[in-house]
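In: Dropping a prediction and its sequence here:
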Amino acid sequence: MKRVFAHIGFAFAVTMLVLNLIPAEYCLFLMIGLAVLLIASLIIKRFRKALAVPICLGAAVFACIIFSITMNLYVAPTENLNNAQADCEFYITELPQKNESGEYSYIIKTTKINYPNSPQNIKVRLKTKYPIQADCYQLIKGRLVFHSIADSAFSSYGYWGKNIYLSSKPIKYVNTKRTVNSPMKYIVNARKGIKSRLSTIGGDEGALSQALIIGDKSEISSELYTNFRISGAAHLMAVSGLHLTAISGFVLLILKKLRIPDKATFCITIGVIAYYCALCGFSKSVVRSGIMMCVLMLGNLFGRHSDPLNSLGLAVFIIALNPFAVCDAGAVLSVLCVLSLCTAYPYLDRKISVTKIIKNYRMNRAVQYVLKALASAFCIMAYSICAYYIFFGYVSLVSLVSGIVLIPLGSFATVLALITNFFIRLNIGAPLIFISRITNRIIIFLVGKFASMRFAIINFENYFGFVAAGILIILALCFIINKKHMKKALVISLIFAVGSVFSMSLINSNNTYVYVTQGGAAVICDNQSTAVFGVKTKSDYYSIKKFVSTRSNSIDFIGTNKQSEYASMLAEEFGCKRIVYRTYSKKLSDNLNIDYKTKKDIFDFTASTNDITLSCNNEQKTKSDINISYKICKDKNGYIDLSNGDIIYRISKNNYRARRVNIWQE
């Protein structure tokens, strides 16, 4: 049987995904059902000879076992510490991250927790207003307050995938000055050294070099990060196959020039890959790439052809041994991108390669390059669109074009940053610092231009889940009944998708949307007008800028209780001529009535839209359907903690629904 690891890996990962979507108590029932099917497939001669069916079912049963063990041995014991205080010994394992509100976030590992029935030696997120006065891997004693990060892997923002199930805050602590022995201490020091050296490039240019080399985005400004996401180029800052290929290719080139023997070259390159994966914190995307690259090199060393799908399946299996890795957006998108390039893209590549578009040879090659880049971007988007729907609720349309320019530039900038880091260490890096700064400045400029394009991204509505499910059912039926009709099924699916999006867009054109940021700023818009309230921070500015860019691309009214540079920036960018600091009442459109006033350092507003009344920072506590305040939103379903992500309300007539912006959540 061909591609054994592909069958095992994807069956294992899909089962893990299902297990994360259903309540944990149903895991046992699913495992029993799959075990019965496995036994049946081994008894029935037809399936037993095919091998694919029993292998996939066996992988699925094994996934249930791993999931159950993880939930019972690692996740469940942490519930004892939820809302508890305990005296602990711990040490910091990673460099701190600082958010825009000034809070510091650390990843720590405990060595002792003095609390009944509590787990020991666990990783915990530590949040504090002030930096911890201790270096990484220095032992600290203190009293911590613990809280559960989330109730599921999908709502944990990737923390469960890192084996982190609890968050904590320190009440008191003292640095013992004792050092914990660990090889990872040297990796963290290396990361710190790289950050320090590349920061000499300065500004967002230096921060971009850090992101390209070690995936550290902590120094990236909100504006640049927003532009990268809108332009569909955020993957350049998430270390993956692109970066590892560029770096390992550069290492192989040097070793080849030095005429190092093949076996020694293989061992050195594997060592570089392992070190680089550790340097990037063993992120799922770089681990996936590292495993596939090692398999490829191992095949070349022994003169065996390595199948990309088999290598990908092996990588997926190893990554999914952590049951919650399948809920990591970076891991899922990385796998889907490679899967699209292994399956759909080769077919389009062959068609383009044999087609002579222009008689001139060089011009024809240039056109083919552009068409192939568009084809690869289209394949990646087609395979990833469901993941974008689930994790983000939007997809970047401009990514179909931006990758043609940004991917080659990103590869060059990655190698350049690596060389620059090396030469800075030798104190001869001035020329390369200048070149890196110029290269990164070009990337930043292009990303900004792509992000400023009208309708650069589109937001998915709730109905898209049914559209995606319908397409998958059509393709599955075609695959089961007759594979020969797959092309017709694809055409039917495309017509169905386009028709559904168009018809639902018309139906929803009269809806009103309320977008609430983490800081409590709000945008209310319908098909005629847009009003913005309470923009106070840089984070509010970029969040609102992104949302408005995908909707009306204009703002009619901005209400703010005092002079705000970010409100002025929004007004200038979207052509708003009405910034109100005091009192304002007007009917902006058929669906939108504004009653706005400020008092001291707060502001109130009441907006009536489709029989739904909203209030913001309402001091009088008048009755309304949706109340918005700093980091809290209250509606008929209860309280929503905005610190977990922005919220979008879709209001239709006298009803409304809400979802998270970054994680789809009703």
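Out: Happy to help now that I have it.
In: drop to CA atoms for contacts and neighbour counts, all remaining ones
Out: Fine.
In: Tell me the confidence at T550?
Out: Looking at T550, its pLDDT is 66.
In: now swap in I291 and tell me
Out: Residue-level pLDDT assigned to I291 equals 85.
In: try T414
Out: For T414, pLDDT reads 84.
In: One more: F460?
Out: Reading off the confidence values, F460 has pLDDT 67.
In: for F445, same thing?
Out: 90.
In: Need the CA coordinates for the helix or strand where it lies. CSV is fine.
Out: Here F445, judged by DSSP states H and E, is contained in helix 430-451. Provided in CSV are the C-alpha atoms of helix 430-451 (Å, rounded to 0.1, in the frame of the first residue of the first chain):
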residue,chain,number,x,y,z
ALA,A,430,27.3,48.1,9.3
PRO,A,431,26.9,47.6,5.5
LEU,A,432,24.5,44.6,6.0
ILE,A,433,22.5,46.6,8.5
PHE,A,434,21.9,49.2,5.9
ILE,A,435,21.0,46.7,3.2
SER,A,436,18.6,44.9,5.6
ARG,A,437,17.0,48.1,6.6
ILE,A,438,16.4,49.0,2.9
THR,A,439,15.1,45.5,2.0
ASN,A,440,12.7,45.4,5.0
ARG,A,441,11.6,49.0,4.3
ILE,A,442,10.6,47.9,0.8
ILE,A,443,8.6,44.9,2.2
ILE,A,444,6.9,47.2,4.7
PHE,A,445,6.0,49.7,2.0
LEU,A,446,4.6,47.0,-0.3
VAL,A,447,2.6,45.4,2.6
GLY,A,448,1.1,48.8,3.3
LYS,A,449,0.1,49.3,-0.3
PHE,A,450,-1.5,45.9,-0.5
ALA,A,451,-3.4,46.4,2.8
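In: I651: what secondary structure?
Out: Secondary structure, DSSP: H, G, I helix; E, B strand; the rest coil: I651 is strand.
In: Give me the buried positions along stretch 372-380.
Out: Buried residues in stretch 372-380, defined by neighbour count with 16 or more other CA atoms under 10 Å: K372, A373, L374, A375, S376, A377, F378, C379, I380.
In: helix/strand/coil for the nearest residue to Y115 once chain neighbours are set aside?
Out: Nearest residue to Y115, sequence neighbours excluded (CA to CA, 6 or more residues apart in numbering): A86, at 5.8 Å. For A86, the assignment made with three-state DSSP gives strand.
In: Kindly report the same for the one 4 residues further on.
Out: The three-state label for F90, taken from three-state DSSP, comes out as strand.
In: Next, the contact list for it, please.
Out: Listed by CA atoms under 8 Å, 6 or more residues apart in numbering, the contact partners of F90 are I108, K109, T110, T111, K112, L139, I140, K141.
In: what's the neighbour count on V398?
Out: Counted with other CA atoms under 10 Å, residues neighbouring V398 total 21.
In: Verify the stated contact: it with I458.
Out: No: at 9.9 Å, V398 does not count as touching I458 under the criterion of CA atoms under 8 Å.
In: tell me the SS of S182?
Out: Under three-state DSSP, S182 comes out as coil.
In: which residues touch it?
Out: By CA under 8 Å, 6+ apart, the contact set of S182 is Y137.
In: now N82
Out: Contacts for N82 (CA under 8 Å, 6+ apart) come out as F146, H147, S148, L166.
In: Please name the nearest non-neighbouring residue to the third one.
Out: Same thing as S148. Per CA to CA, 6+ apart, closest to S148 is L166, 4.6 Å.
In: again with A134
Out: Distances taken as CA to CA, 6+ apart put N175 closest to A134, at 6.3 Å, once the chain neighbours are dropped.
In: what are the phi and psi angles of that neighbour?
Out: Dihedral pair for N175: phi -80, psi 120, per degrees, to the nearest 10.
In: Can you name the residues bridging to it?
Out: I140 (DSSP bridges).
In: Helices along the stretch 501-650 of the chain, start to end?
Out: 538-549, 565-574 (DSSP state H, counting those that start in this stretch).
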